[in-house]
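Novice: I would like to see how this sequence folds:
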Amino acid sequence: MPEHTRWPWEAWPPLLAGLLWLWLGAGGGFPGALLSLPPGVLLLGAGASLLLMPGDRRIANLAALGGLLGVLLALPAAAAVGLAPALALLLASAAGAVAAGAHAVRLEPNLDEVPEPVRGLRLAAEVAVDEALMASMLLSIPFPRHAEYARLRREAEEAREQFEAQGFLEKPAGYHREPPPLTRPDLRPARSRGQAYEHLAFESGYEPRAGEPGRERWLGYAPNRTAHAWVLRHPGAARPWLVCLHGYQMGIPLVDWACFPPAWLHRGLGLNLLVPVLPLHGPRKIGRRSGDGFLSGDTLDTLHAQAQALWDVRRLLAWVRSQGEATVGVLGYSLGGCGAALLASLEGELACAIPGIPVADFSRLFYRHGPALELRSAEQAGLLEDSMRAVLRPVTPLALAPRIPPGRRYLFGAVADRITPPDHVRDLWRHWERPPIAWYQGGHVSFRAHPEVRQLIERGLRESGLVG
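Specialist: Okay, here's the model as predicted:
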């Protein structure tokens, strides 16, 4: 069970760090005061809130964000306040962030069949990074305006009625149509920070069904109509392929290759790599940031984004297989982990599916992380979690039966994940009949720092025949 105390000790490091930033910044003239405001206000406000109102998840988000901002701004602050005070600000900010991470871990209940987090400095630091990332997402995601929730409720009701009549609530896999094969994509050489690869592009061709709510709006997202992927192929004889599905706000070559390192997967293990860009990401984005619109609370847009992702990936699979006898597996992280799990429910010929830290239920995720004002607006408009969950059943891995056999399924998750909570991984693991799973003692974004994750991935690739 989560531990609650009236005056949590984790409140004091961010509170004192915030005071230190504002005090030292004021002595550094205008530049020092300007630099001190973002970390100082965040740390002081979040620290005081942790002290007076412990238990609210958003407070730990903001405390961690303030702490990491303080760590980043301490060096430039040295020019205004001096080297020794800047070092003190750096250490105080780091302590504030780690304390926020420790507080976040302490708030979470222990879950059945999930290993208990082993508390310590490293775990608190990893969770602090999750918390800060969560805060930055919630501050930047363009959630619907209050007046739009009536439209969202109306669309959800119409879609639910249509899906029930068409049988998609009972058999959600039927929502996904068989896409036409991809035969002649546009392939051009590209390079990112020294990594040569091929940039593949093609017209997606995905369209929501005629009369489906949100169809015209979705088709109006012009950049999203062109699909993209990054390709790394070995010359000569045919090699196995690994489809790599990236996470939320990625879809940029530099970031994608960092998460799916060619030195390990391509050159080390000898695999051909295919990294599709998910809808609304990277060159397909429709907002200021990659991913805007995918997880903003617009139920139909989320449905169409994930459905189009599967459509595009299945077309790419047809292209891969058209080049000769090819063994293909799929590996996905976070949002891409959800896609990997869904793909395993539509494509029975996959050699393996390895979802990592996957989202298993979008509605559950929205109602956990959604800001209180957004959730209240949705509730007042009549858009309830039940309705959202029904409409999103076709893209919920827990609602679809996997088509690949149990021996080709693998999972990994973080025991202290603050972005995709571990109950998502556990529930998918149960739904998948308890395949091999690796739990690591860490947070969402630190999976590559844990050797058990790499071992699980390589085990899956070996046992499925992708790697000799």
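Novice: in stretch 373-386, what counts as buried?
Specialist: 374, 375, 377, 378, 381, 383, 385 (16 or more other Cβ atoms under 10 Å). Any C-beta I mention is one placed from the backbone N, CA and C, and that applies to glycine too.
Novice: an error on my part: the question was meant for stretch 458-468.
Specialist: Within stretch 458-468, the residues that count as buried by 16+ other Cβ under 10 Å are 458, 459, 460, 461, 464, 466, 467.
Novice: same question, stretch 203-210
Specialist: Buried residues in stretch 203-210, defined by neighbour count with 16+ other Cβ under 10 Å: 204, 206, 208.
Novice: would CSV of those with pLDDT be doable?
Specialist: Shown next, in CSV, are these (pLDDT from 0 to 100):
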residue, pLDDT
204, 97
206, 97
208, 96
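Novice: redo the residues you listed as TSV? Include secondary structure and distance to residue 55.
Specialist: What follows is these, written out as TSV (DSSP: H, G, I helix; E, B strand; the rest coil; distance: Cβ to Cβ, whole Å):
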residue	secondary structure	distance to residue 55
204	coil	44
206	coil	43
208	coil	41
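Novice: nearest to residue 216, of those residues?
Specialist: Of all these, residue 216 sits closest to residue 208, with 8.9 Å by Cβ to Cβ.
Novice: for residue 76, see how far away the nearest residue to the closest one once chain neighbours are set aside is.
Specialist: What sits nearest to residue 208 in space, not counting adjacent residues and going by Cβ to Cβ, 6 or more residues apart in numbering, is residue 215, at 4.1 Å. From residue 215 over to residue 76 the distance is 49 Å, taken as Cβ to Cβ, to the nearest Å.
Novice: circling back to that earlier point, which ones among the buried residues of stretch 458-468 lie within helices?
Specialist: Residues of the buried residues of stretch 458-468 located in helices (DSSP state H): 458, 459, 460, 461.
Novice: wait, the third one touches residue 351, no?
Specialist: No: between residue 460 and residue 351 there is no contact under Cβ atoms under 8 Å: 9.2 Å.
Novice: intersection of neighbour lists for these two?
Specialist: Shared contacts of residue 460 and residue 351 (Cβ atoms under 8 Å, 6 or more residues apart in numbering): 329, 408.
Novice: which strands and helices lie in contact with the helix or strand of the chain with the lowest mean pLDDT?
Specialist: Taking mean pLDDT, DSSP states H and E as the measure, the chain has helix 372-381 as its least confident helix or strand, at a mean of 80. Applying 3 or more Cβ pairs under 8 Å, 6 or more residues apart in numbering; DSSP states H and E, one finds that helix 372-381 contacts helix 149-166.
Novice: pull the distance from the helix or strand that contains residue 300 to the chain's centre.
Specialist: In this assignment (DSSP states H and E), residue 300 forms part of helix 299-322. What separates the centre of helix 299-322 from the centre of its chain is 17 Å, taken as Cα atoms, centre = their mean, to the nearest Å.
Novice: quick check: buried residues in that helix?
Specialist: Result for helix 299-322 [16+ other Cβ under 10 Å]: buried residues 299-317, 319-320.
Novice: which SS class is the residue lying closest to residue 232 once chain neighbours are set aside?
Specialist: Distances taken as Cβ to Cβ, 6+ apart put residue 273 closest to residue 232, at 4.2 Å, once the chain neighbours are dropped. Residue 273 carries the three-state label strand when classified by DSSP: H, G, I helix; E, B strand; the rest coil.
Novice: next one: residue 273 from residue 431, what distance?
Specialist: 28 Å.
Novice: ok, now how distant is residue 356 from residue 332?
Specialist: Taking Cβ to Cβ, one finds residue 356 at 7 Å from residue 332.
Novice: repeat for residue 66
Specialist: If you measure residue 66 against residue 332 using Cβ to Cβ, the figure is 32 Å.
Novice: okay if I get the buried residues of stretch 458-468 as CSV plus pLDDT and distance to residue 122?
Specialist: Output for the buried residues of stretch 458-468, formatted as CSV (pLDDT from 0 to 100; distance: Cβ to Cβ, whole Å):
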residue, pLDDT, distance to residue 122
458, 97, 23
459, 97, 24
460, 97, 26
461, 97, 28
464, 94, 32
466, 94, 32
467, 92, 30
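Novice: tell me where this protein has strands.
Specialist: Along the chain, the stretches classed as strands by DSSP state E are 186-192, 195-203, 226-232, 241-245, 272-276, 328-333, 352-356, 411-414, 437-440.
Novice: just those strands: most buried one?
Specialist: Mean neighbour counts were taken over the strands of the chain using mean count of other Cβ atoms under 10 Å, and the top value, a mean of 30, falls to strand 352-356.
Novice: residue 200 bridge partners, please.
Specialist: Taking DSSP bridges as the rule, residue 200 bridges to residue 187, residue 229.
Novice: that one and residue 227: what is the separation?
Specialist: 8 Å.
Novice: joint contacts of those two?
Specialist: residue 316.
Novice: mind pulling the model confidence for residue 139?
Specialist: For residue 139, the model assigns a pLDDT of 82.
Novice: count of neighbours near it?
Specialist: 11 (other Cβ atoms under 10 Å).
Novice: could you do the one 10 residues further on as well?
Specialist: A count of nearby residues for residue 149, using other Cβ under 10 Å, gives 21.
Novice: is it true that it touches residue 378?
Specialist: Yes: using Cβ under 8 Å, residue 149 is in contact with residue 378, at 5.4 Å.
Novice: please tell me how far residue 256 sits from residue 266.
Specialist: Distance of residue 256 to residue 266, computed by Cβ to Cβ: 13 Å.
Novice: which of the two has more residues huddled nearby?
Specialist: Taking other Cβ under 10 Å, residue 256 and residue 266 do not tie; residue 256 has more neighbours (25 against 21).
Novice: my read: that one touches residue 245, true?
Specialist: No: look at residue 256 against residue 245 with Cβ under 8 Å: they stay out of range, at 9.9 Å.
Novice: beta partners for residue 244?
Specialist: Residue 244 forms beta bridges with residue 331, as assigned by DSSP bridges.
Novice: per-residue pLDDT, it?
Specialist: Here the pLDDT value assigned to residue 244 is 98.
Novice: what residues are up against it?
Specialist: Contacts for residue 244 (Cβ under 8 Å, 6+ apart) come out as 256, 259, 260, 265, 273, 274, 275, 330, 331, 332, 336.
Novice: nice, that's everything, thank you.
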